[in-house]
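Chemist: below is the sequence, then the predicted model.
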Amino acid sequence: MNEIAILYFHGLLKDLLRTKRNITLDNKDYKKIIYPVIRSSSIKDIIESLGIPHTEIGGLILNSKKIYFDYILHPTDNIHVYPHIKPIKPDNYLFSQPIQNYRFLVDVNVGRLAKLLRILGYDCAYNPYWDDEFLAQKAYEEKRILLSRDIQLLKRKKVLWGKLILNEDPKSQLKEVIDHFGLKIYYRPFSRCLVCNTELKPVRKKQIFHKLEPKTKRYFNQFALCPRCKKIYWAGSHVEKMEAMIKEIKRRKTNT
C-alpha cells in the first residue's frame, strides 16, 4: 500500500480542484485530499497537478510552520493550502519577487478587461495575437501581473504573479481585480490611451484644431493626445458614461 500525505484546501481553492482522486469535505471551510506519495515532487507541482495554479496560493502550512513551493512532499505530511487573503500582500513569502508596481497583462480570454483597467489609469498590456509563451515571457521580463481565465497559462513557471479571473462579465472582472489587489478605483482615471495603453499628454487646442469636428472645436478647449497612436481625447459625454461605469463597479458584487 502506498504511503500517503493529506492535503487540506481552504476557502476558494476547494472549488478550483480538478482531480478524480477521492475528496472528502470535512467541513464547509476546506476539502481534504488523501495523496499517495509515490515519487519525489514539490508541493507546487502537486498542487498544480490537482488543477490549481500557483498564482492562487497565499500560504502553505505544515505543522504550524510555513513552507515554500519547493518543499518536497513526504509520507504522513499534513499540509494546509490557503488562498490569498484579500487584498493580497505584495511581498507574499511564497513568491520570489514582491509586487512593486501594479502593472497588468491580460490574455485574449479577458481582453475587454484591458480597456477598463486603462480607464482607471492602470498600465495594462494587451494584444489578442500574443500566444501563451509570449505572454508568460512578457509577464516575467516586465514584471507584470498576468490576468487570465486560462488555468494552464497561469501554471507556467515564468508567471511570477497572476490572477485566475472567475467572472465572465468584464465589469465584474474589473471589480474582482480591484478587490483582490486592493486597488484604488480612483487612481489616475482617463490618463491612458484606451487603444494602446500609452500615457496621455496634454496638447494645445491649436495644435490639433485641424483634426477636430466642428462641434468639438466649439464646445471643448482642453485636450490630451496619445503620443504613440495619436488618438485625441477630450472631456465629452463619453467621460460622463465612464464615470457612471466606475460608480457602478464600486457597487457591484462578484463571484469571489
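Modeler: Cool, the structure landed. From a predicted model like this one, the values you see are computed outputs, not experimental measurements.
Chemist: tell me which element I246 falls in.
Modeler: Here I246 is covered by helix 237-251, with elements defined by DSSP states H and E.
Chemist: off-centre distance for that helix?
Modeler: Distance, stretch centre to chain centre, for helix 237-251: 22 Å (Cα atoms, centre = their mean, to the nearest Å).
Chemist: same check, this time on stretch 181-198
Modeler: Using Cα atoms, centre = their mean, the offset of stretch 181-198 from its chain centre is 15 Å.
Chemist: end to end, how far does that stretch reach?
Modeler: According to Cα to Cα, to the nearest Å, stretch 181-198 extends 22 Å from its N-terminal end residue to its C-terminal end residue.
Chemist: again, but for stretch 48-63
Modeler: 22 Å.
Chemist: show me what it is in contact with.
Modeler: Identification of contacts with stretch 48-63 by Cβ atoms under 8 Å, 6 or more residues apart in numbering yields 7, 9, 12-13, 16-19, 21, 33, 43-44, 47, 66-69, 71, 77-85, 88, 92, 94, 146, 151, 154-155, 159, 161-164. Bear in mind the C-beta positions are built from the backbone N, C-alpha and C, glycine included.
Chemist: still on that earlier bit, in the helix holding I246, what's buried?
Modeler: Of the residues in helix 237-251, those with enough neighbours to count as buried (16 or more other Cβ atoms under 10 Å) are 242, 246, 249.
Chemist: show me where the stretch 1-150 of the chain has its helices.
Modeler: Counting by DSSP state H, counting those that start in this stretch, residue ranges of the helices within the stretch 1-150 of the chain are 13-16, 43-49, 112-119, 132-141.
Chemist: elements contacting the last one?
Modeler: Here helix 132-141 touches strand 104-106, strand 145-148, helix 151-154, going by 3 or more Cβ pairs under 8 Å, 6 or more residues apart in numbering; DSSP states H and E.
Chemist: closest one to K205 among these?
Modeler: Closest approach to K205 among the helices and strands packed on helix 132-141 (Cβ to Cβ): strand 104-106, 32.6 Å.
Chemist: coming back round to it: so which of the contacts of stretch 48-63 are in strands?
Modeler: 7, 9, 33, 66, 78-83, 146, 162-164 (DSSP state E).
Chemist: low pLDDT regions in the stretch 151-256 of the chain?
Modeler: Within the stretch 151-256 of the chain, the segments meeting pLDDT under 70 span 237, 255-256.
Chemist: that older thread, could the buried residues of helix 237-251 go into a markdown table alongside distance to A139?
Modeler: Putting the buried residues of helix 237-251 into a markdown table (distance: Cβ to Cβ, whole Å) gives the following:
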| residue | distance to A139 |
| --- | --- |
| M242 | 27 |
| I246 | 26 |
| I249 | 25 |
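Chemist: out of the helices of the stretch 1-150 of the chain, flag the one nearest T198.
Modeler: Here helix 112-119 is closest among the helices of the stretch 1-150 of the chain (Cβ to Cβ), at 9.7 Å.
Chemist: and that closest one, what's buried?
Modeler: Burial within helix 112-119, assessed by neighbour count using 16+ other Cβ under 10 Å, is assigned to 113-119.
Chemist: so which of those residues is the closest to C229?
Modeler: Distances from the buried residues of helix 112-119 to C229 were compared by Cβ to Cβ; the smallest belongs to R118, at 12.6 Å.
Chemist: just checking, the closest one touches N197?
Modeler: Yes. Counting by Cβ atoms under 8 Å, R118 does reach N197; the two are 6.0 Å apart.
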